[in-house]
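Participant: what follows is a predicted protein model with its sequence.
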Amino acid sequence: MKKTSVLRLIALLLVCRTANAWADPATITIDLNKPGAQISPLLYGIFFEDINRSADGGLYAEMVQNRSFEDFNLPMGWTLLNEGGGAVTMELDKTQPLNDQNPTCLRLDITRVGSGGRAGLINQGYKGVSTGTKDPVVISFTTDSPDSPPPDWMQRFADAQQKPENGMNVEQGKTYLLSFYARLNSDFTGPLTASLEKQDGTVLASQEVACSGVGWKKYEAKLVAAASDQDARFVLSAKTTGTVWLDMVSLFPADTFNQRPNGLRADLMQMLVALHPAFVRFPGGSFGEGYRLSEAFRWKETIGDPAQRPGQWNIWGYRASNGLGYFEYLQMCEDLKAEPLFVINCGMAEKDSVDPKDLDPWIQDALDAIDFANGPVTSPWGARRAAAGHPAPFNLKLMELGNENGMGYSWGGGTAAEYALRYNPLYQKVKAAYPDLKTISTAPIQKPPLNAPVETVDEHYYPTAEWFEDHAAMYDAYDRSGPKIYVGEYATKKGAGNGNLNAALGEAAFMTGMERNSDLVIMSSYAPLFVNPEWRDWNPNLIVFDSSRVYGTPSYYNQMLFATNRPDVVLPLDLQLPQAGGTNPHKPLYAVAGKKNDTGEIILKVVNITGQPQDTAIQLNGGAANFNASATVLTSASPNDENSFDHPTQVAPKDIALGAVTSPFHYAFAPYSITVLHLKAP
Ligand code: AHR
């Protein structure tokens, strides 16, 4: 019998037993005629950070790793192809760059091609590992100096080139858009052949590109795949000798989400669509701060021609191309029908900060970012947005002034006083120019030198599931006279495996408290959003992917349950627990109820963190007594259960039709479960 059917049978049996005697049931009483706080429409959003290869090699659909040869001072990600006994070498070259923002290119010297052979370059896609270093890496190892062995990550990077994970995902019948810049030496006349191949060299798609002329020239070609392979490689080769310089070697599937050029992976975007996020916080956390200011996210360097974007060293151990830049983030939010929330760097990195007297350029960045998003096409930055293909404003309403600044150095962001000295002028100038923009501060700074208002504070939590459970009522007693709260980053970090049901249970318990207090807690977002496991720098995460596969963790489905079942108004709920039994010091059940204004539907969310079914008598007062009921249940046999590439929906919600119920009725909340009960008056 399928698990859904078993659940349905148990639920039905229990619903039908309303007349029976029950040993110590819990009771839930809901007042239908005393609606409480409005639930913020922005309560459930998402937080995208370029971490764990979430952007390049992830959501950003570029298939070529190190396309601009800027990632390291060695051509990491590229290897030589030499078929037929020829002679070919490559080296990074800065002598005649493509442009100032992109100072390094690759020089390919083919001095001999064996008969019937070919020589050139191979790119394996995003096979590799994080360096684990917060500062940019300069590789000092050379074969002449055996005393300085290569860093450990280089061996793991090389090992990853042999693994199938993160090879290029080529799908039969699909089109792949190639572009690259080449500069030809007089001894090279081409042509170059671009191909997608299996690892054994079987060609999946191939296109000859005629080359000519002097100086840098852009070449484009379409590759149409005759067959599929999830571990394909890209090859650029020649059958003739000579020297050619290459840069910005880029390959995208034509089928990006909404067919956007320079766009996003459709399968990963579909995972986000299913979450129905009310907003998207971007581009990070620590990524936006940078370890040092020199590596902070400066949005003006992330717009326009991708070949002109300098990129930045990412604090999470690899270089970010920022091909997914400010414009693409805004477009992504629009495509998701979600409000954009831009986290602007306030002049503070994790290790250094701009002197407050030199803050003006950083403040100007914030003002110009708003102009870029919202200004008319005649404004300086509105014109740049229009030139990028989006004359209509994006309507940016939310901006966070920094990230984790002022939460102390243990969070990597400086003291509250240091933050206040930068927050004050940033807030004042942004609000003076854009009074309607809603700002978010990163720490509860409410004393001198703070002298600017704090509208909303971003709180971050990464504890155990038990901490979340024990703090589920935390906001019930919060001061309502202070700023609103945005829980901008939270996740069960300890005892979470690689994202297990236990983690989701803790988060769900806490979320019942956020929803109940949504007059105060107006926004929330789980963190981080994505992980490519080969590049994992943080654990756990909401969505797991490699170049061809994707699945959501139980926490992903929990987020989906809350976001797609957000009522408009809280209904008062009284939860009485049976006599405490056993040794578990944590409450077994957590609950919140609300009502949808348009349909009148009552939505009751209940989290059972125990391994026993929790029989509960549910009573609805002050309104209808008869309902059509259904339940959506996220559960599994063990709290340690996880999803995986092989079993992507082992822990996923199941719908159960319960039929007609009359208040009061009984329902047994399944062991280790998050349940959404839908009650509709007929
Ligand atoms: O979500 C991962 C990191 O946690 C974020 O980059 C940072 O803001 C927080 O410390």
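Facilitator: All right, it came through fine. Numbers count the residues shown, from 1 in each chain.

Participant: list the helices and strands the helix or strand encompassing Leu658 packs on?
Facilitator: Assessed by DSSP states H and E, Leu658 sits inside strand 654-662. Strand 654-662 is packed against helix 3-16, strand 626-635, with contacts defined by 3 or more CB pairs under 8 Å, 6 or more residues apart in numbering; DSSP states H and E. Quick note: C-beta positions are derived from backbone N, CA and C, even for glycine.

Participant: where among these is the average confidence lowest?
Facilitator: Sorting the helices and strands packed on strand 654-662 by mean pLDDT places helix 3-16 lowest, at a mean of 40.

Participant: ok, the helix or strand just after that one: who's next to it in the sheet?
Facilitator: Heading C-terminal from helix 3-16, the first helix or strand you meet, by DSSP H and E, is strand 26-31. When pairing is defined by DSSP bridges, strand 26-31 lines up against strand 573-576 (antiparallel), strand 614-621 (parallel).

Participant: which SSE is immediately downstream of strand 26-31?
Facilitator: Per DSSP H and E, the first helix or strand lying C-terminal to strand 26-31 is strand 44-47.

Participant: ok, residues contacting the helix or strand just after that following strand?
Facilitator: Sequence-wise, the next helix or strand downstream of strand 44-47 (DSSP H and E) is strand 78-83. Residues outside strand 78-83 that contact it (CB atoms under 8 Å, 6 or more residues apart in numbering) are 66, 69, 88-90, 106, 114, 117-124, 161, 201, 235, 237.

Participant: now the buried members of those residues.
Facilitator: For the contacts of strand 78-83, a burial check counting by 16 or more other CB atoms under 10 Å picks out 66, 69, 88, 90, 106, 118-124, 161, 235, 237.

Participant: ok, these vs the ligand, which is closest?
Facilitator: Minimum separation from the ligand among the buried ones among the contacts of strand 78-83 (CB to the nearest ligand atom) is found for Asn66, which lies at 23.4 Å.

Participant: report pLDDT for that closest one.
Facilitator: Listed pLDDT for Asn66 reads 98.

Participant: my guess is it meets Gly77, correct?
Facilitator: Yes. Using CB atoms under 8 Å, Asn66 is in contact with Gly77, at 4.0 Å.

Participant: need the overlap of contacts for these two.
Facilitator: By CB under 8 Å, 6+ apart, the residues touching both Asn66 and Gly77 are Asn123.

Participant: once you drop chain neighbours, what's closest to whichever residue of the chain sits closest to the ligand?
Facilitator: Per CB to the nearest ligand atom, Gly285 is where the chain lies closest to the ligand, at 2.3 Å. With CB to CB, 6 or more residues apart in numbering as the criterion, Gly285 has its nearest non-adjacent residue at 4.7 Å, and that residue is Glu49.

Participant: which ones are touching the one you found?
Facilitator: Here Glu49 is in contact with 282-288, 527-529 (criterion: CB under 8 Å, 6+ apart).

Participant: try Leu184
Facilitator: 190, 211-214, 242-244.

Participant: spell out the residue ranges of the strands in the stretch 51-200 of the chain.
Facilitator: 78-83, 87-93, 105-112, 118-123, 168-170, 175-184, 192-197 (DSSP state E, counting those that start in this stretch).

Participant: and if you look at the stretch 401-550 of the chain?
Facilitator: Using DSSP E, counting those that start in this stretch, strands in the stretch 401-550 of the chain cover 438-440, 456-461, 484-490, 521-526, 530-531, 543-545, 550-552.

Participant: got these as CSV, with mean pLDDT, distance to the ligand and mean neighbour count columns?
Facilitator: Shown next, in CSV, are these (pLDDT from 0 to 100; distance: least, CB to the nearest ligand atom, whole Å; neighbours: other CB atoms under 10 Å):
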stretch, mean pLDDT, distance to the ligand, mean neighbour count
strand 438-440, 98, 13, 22
strand 456-461, 96, 6, 19
strand 484-490, 97, 5, 23
strand 521-526, 98, 9, 26
strand 530-531, 98, 11, 25
strand 543-545, 98, 14, 25
strand 550-552, 98, 17, 20
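
Participant: what bits of the chain have low per-residue confidence?
Facilitator: The chain contains residues with pLDDT under 70 at 1-23, 141-147, 412, 444-446, 579-584.

Participant: quick check: residues of it near the ligand?
Facilitator: Within the chain, the positions near the ligand by CB under 6 Å from any ligand atom are 49, 51, 284-286, 403-404, 411, 460, 489, 527-528, 538.

Participant: out of those, which is nearest to Phe372?
Facilitator: Gly284 (18.7 Å; CB to CB).

Participant: and the lengthiest helix in the chain, which residues are buried?
Facilitator: In the chain, taking DSSP state H as the definition, the longest helix is helix 416-433. Neighbour counts over helix 416-433 (16+ other CB under 10 Å) mark 416, 418-427, 429-431 as buried.

Participant: any chance of those residues in a markdown table, plus distance to Phe394?
Facilitator: Rendered in a markdown table, the data for the buried residues of helix 416-433 read as follows (distance: CB to CB, whole Å):
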| residue | distance to Phe394 |
| --- | --- |
| Ala416 | 32 |
| Glu418 | 32 |
| Tyr419 | 28 |
| Ala420 | 30 |
| Leu421 | 31 |
| Arg422 | 26 |
| Tyr423 | 25 |
| Asn424 | 27 |
| Pro425 | 25 |
| Leu426 | 21 |
| Tyr427 | 22 |
| Lys429 | 21 |
| Val430 | 17 |
| Lys431 | 20 |
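
Participant: tell me the contacts of Asn262?
Facilitator: Contacts of Asn262 (CB under 8 Å, 6+ apart): 252, 306, 323, 328.

Participant: what's the PyMOL line that selects buried ones from those?
Facilitator: Selection command for PyMOL covering only the buried members of those, criterion 16+ other CB under 10 Å:
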select buried, resi 252+306+323+328
